[in-house]
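Okay, predicted coordinates and the sequence, questions at the end:
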Amino acid sequence: MKTYGVRIRRQPGGRSVALIALAAVVALLALPVLAPAAPVAKPAPPMTPVTPVAKPRPERGALVQLSGFRGCLAARSAPTKGCGRARALEGPGPFMGSRAVAVSADGRNVYVAASRSNAIAIFRRNPGNGALSQPAGASGCIASKAAEGCARAIGLGGVNSLALSPDGRNLYATARGSDAVTAFRRNSSTGALRQLPGAAGCWSGLSLPGCGQGRGVVGPDVLVASPDGHNVYVGSFFGNAVAVFAREAKGGGLSQPAGTAGCIATGISGCATALALGSPEGMAISPNGTSLYVANATANSVVTFARDTATGSLAQATDGTGCFVNAPLTGCKEAVQIEGANAIEVAGGKDVYVTSLLSNSVTSFSRESNGVLTQLPNTTGCLIYLRSAGCSFGRALNGPEGIAVAPGGANVYVASFESGAIDVLDRNVKTGVVVQRPGAPGCLAAATLPGCTSARALKGVSSLALSPDGRNLYATSFGSNAVDVFRRNK
């Protein structure tokens with residue numbers, strides 16, 4: 001018998017502890033043999049955390065055109081490469097007309113005046129990305145003679161500018177070929193338009209069947225609705241006049257007051273007399289509704305009218321505060337670089353900006369609480385294409401036409417017809433001074449224009465409008481027969 005080296009001793013009582021010890025040894029031998037312990041690994045040196053490289057965030061106010069067909073829609077009868085197709089969109093934003101695109105206050109619709117289609121194109125707006133789509137049939141456009149499957153309207157020959165009422169119930173349009181201002185009821189759910197009947201829906205300087213006979217409505221070019229919704233004002237390019245219309249509160253129909261309350265002009269019998277009102281092409285109204293500003297192309301002037309908020313009538317001061325001109329004129333002050341003034345916009349109730357086609361400029365004015373304007377001094381008062389003594393330098397600012405101020409006022413955008421570019425300006429909200437953003441982000445244009453961000457379908461860009469949420473900018477391009485869509489970084 002193996003004892004595995006264990007000595008056996010007998011204990012009193014005949015019992016052996018050796019057996020117990022032997023059993024313990026056998027039990028130990030039955031256990032599995034353990035592998036030798038692995039060497040302890042040295043701890044790895046601590047890793048340096050890697051900071052992910054963030055993509056540079058676009059600057060506030062920067063514009064990026066939507067990709068593919070979402071970035072532009074063009075007339076299907078005159079297609080533009082790379083753009084989607086739309087009906088009734090020939091000649092959007094003509095050379096005469098700086099407000100050819102309008103966005104509804106609820107952000108649901110975009111409307112475009114297409115002069116060669118004699119139509120207003122209607123688009124639904126995607127609130128997420130700002131892309132546009134055109135409804136089928138009569139809901140997608142309204143036109144003279146119901147062309148291209150559109151709803152029918154009168155007085156839309158050569159339609160060139162649009163304005164929405166503050167409550168969003170009505171759309172108003174000027175049409176140079178028809179010498180008319182027209183009024184439409186807007187369906188807030190679908191965006192579709194229906195012309196109001198009779199004179200409520202159409203006033204013309206011609207004897208146009210179905211329209212009222214308007215005074216001072218001769219080659220109408222631009223129009224605005226007052227913030228209180230009581231009036232619509234129409235600038236007549238060939239009439240050298242502003243026609244005044246009262247707006248009916250419930251339905252939005254128009255009527256023209258009798259006598260001098262119905263129009264103010266240079267040289268039209270029966271209208272109130274104005275200074276330096278020659279070929280109105282741009283018009284804007286202050287947020288409080290007390291001042292109406294008019295940019296005049298052939299008078300090379302910026303005119304100020306005081307508005308009576310109770311009656312809607314207009315009056316002009318003759319002490320030098322009622323107009324700016326580019327050459328001496330009794331009763332007016334002089335301003336620099338406003339030759340061919342054609343679009344105008346008010347920012348925050350305290351600043352006014354003017355584009356001037358012949359000066360290739362953007363001029364800046366501060367506004368007092370009583371509506372009086374003062375041009376900003378030295379280089380802060382003008383931004384000009386190429387270079388001019390006393391003004392700041394503006395790139396791609398050849399033939400500036402339309403202008404728009406972003407919600408909040410941090411940016412001003414300018415449509416330059418000749419260069420086919422949209423210029424991006426940064427605005428100091430405290431001082432009102434605007435400067436062009438440096439480098440390629442300061443302008444968007446075709447790739448053939450060096451120094452700007454590349455964009456499509458901007459030939460003859462003329463009118464601009466921003467969505468109420470500030471996320472999108474829309475532009476009309478006459479030469480491209482297109483409406484262009486941009487995302488704006490907020």
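Good, I have the coordinates. Numbering: from 1, shown residues only.

and V362, how many neighbours does it have?
In terms of burial, V362 registers 29 neighbours under the definition other CB atoms under 10 Å. C-betas here are computed from N, CA, C, even on glycine.

Just give the nearest non-adjacent residue to it, would you?
L383 (4.5 Å; CB to CB, 6 or more residues apart in numbering).

how distant is the helix or strand harbouring the one you found from the center of its chain?
When elements are defined using DSSP states H and E, L383 is found to belong to strand 382-385. From the chain centre to the centre of strand 382-385 is a distance of 21 Å (CA atoms, centre = their mean, to the nearest Å).

That one packs against which elements?
Using 3 or more CB pairs under 8 Å, 6 or more residues apart in numbering; DSSP states H and E as the contact criterion, the neighbours of strand 382-385 among helices and strands are strand 361-367, strand 392-394, strand 434-436.

Redo the ones you listed as TSV? Include mean pLDDT and distance to S165.
Listed next are these as TSV, based on pLDDT from 0 to 100; distance: least, CB to CB, whole Å:
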stretch	mean pLDDT	distance to S165
strand 361-367	98	24
strand 392-394	94	34
strand 434-436	97	29
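
most tightly surrounded among those?
Between these, strand 361-367 has the highest mean count of neighbours, a mean of 24, where neighbours are mean count of other CB atoms under 10 Å.

contact partners of it?
The contact list for strand 361-367, computed with CB atoms under 8 Å, 6 or more residues apart in numbering, reads 286, 291, 302, 324, 335-338, 346, 349-356, 373-376, 380-385, 391, 394, 397, 400, 403, 412, 414, 423, 425, 432-434.

So which of these are in strands?
If you go by DSSP state E, these have 291, 302, 324, 346, 351-356, 373-375, 382-385, 394, 400, 403, 412, 414, 423, 425, 434 in strands.

Just the buried ones from those?
For the ones in strands among the contacts of strand 361-367, a neighbour count by 16 or more other CB atoms under 10 Å gives the buried set as 291, 302, 324, 346, 351-356, 373, 375, 382-385, 394, 400, 403, 412, 414, 423, 425, 434.

Next SSE downstream of the helix or strand bottoming out on mean pLDDT in the chain?
Within the chain, no helix or strand scores below helix 17-30, which has a mean of 38 by mean pLDDT, DSSP states H and E. Tracing the chain C-terminally past helix 17-30 and defining elements by DSSP H and E, one meets strand 63-65 next.

Now N326: phi and psi?
Note on N326: its backbone torsions stand at phi -90, psi 0 [degrees, to the nearest 10].

That one contacts G340, doesn't it?
No: look at N326 against G340 with CB atoms under 8 Å: they stay out of range, at 9.3 Å.

what residues are shared contacts of those two?
Once CB under 8 Å, 6+ apart is applied, the residues that N326 and G340 both contact turn out to be 300, 359.

Output the helices and strands packed on strand 382-385 as TSV; include the columns distance to L277.
Rendered in TSV, the data for the helices and strands packed on strand 382-385 read as follows (distance: least, CB to CB, whole Å):
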stretch	distance to L277
strand 361-367	18
strand 392-394	27
strand 434-436	26
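
Specify the beta-bridge partners of V181.
Beta bridges link V181 to T174, W203, judged by DSSP bridges.

Counting neighbours, what do you get for it?
Burial measure for V181: 31 neighbouring residues, criterion other CB under 10 Å.

Could you pull up the residues touching it?
Applying CB under 8 Å, 6+ apart, we find V181 in contact with 155, 172-175, 202-204, 214, 217, 220, 223, 232, 234, 243, 245, 254.

buried set for stretch 131-143?
When burial is assessed from 16+ other CB under 10 Å, stretch 131-143 yields the following buried residues: 131-132, 134-135, 138-143.

For that stretch, measure first residue to last.
With CA to CA, to the nearest Å as the measure, the first residue of stretch 131-143 is 23 Å from its last.

what does that stretch contact?
The contact list for stretch 131-143, computed with CB under 8 Å, 6+ apart, reads 66, 70, 73, 86-88, 110, 117-126, 146, 148-153, 156, 184, 190-193, 195, 474, 483, 485.

Which ones among the residues you listed map onto strands?
When the contacts of stretch 131-143 are checked against strands using DSSP E, the ones located there are 73, 86, 110, 119-125, 151-153, 184, 193, 195, 474, 483, 485.

In PyMOL, select just the buried ones from those residues.
Buried residues among these (16+ other CB under 10 Å), as a PyMOL selection:
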select buried, resi 73+86+110+119+120+121+122+123+124+125+151+153+184+193+195+474+483+485
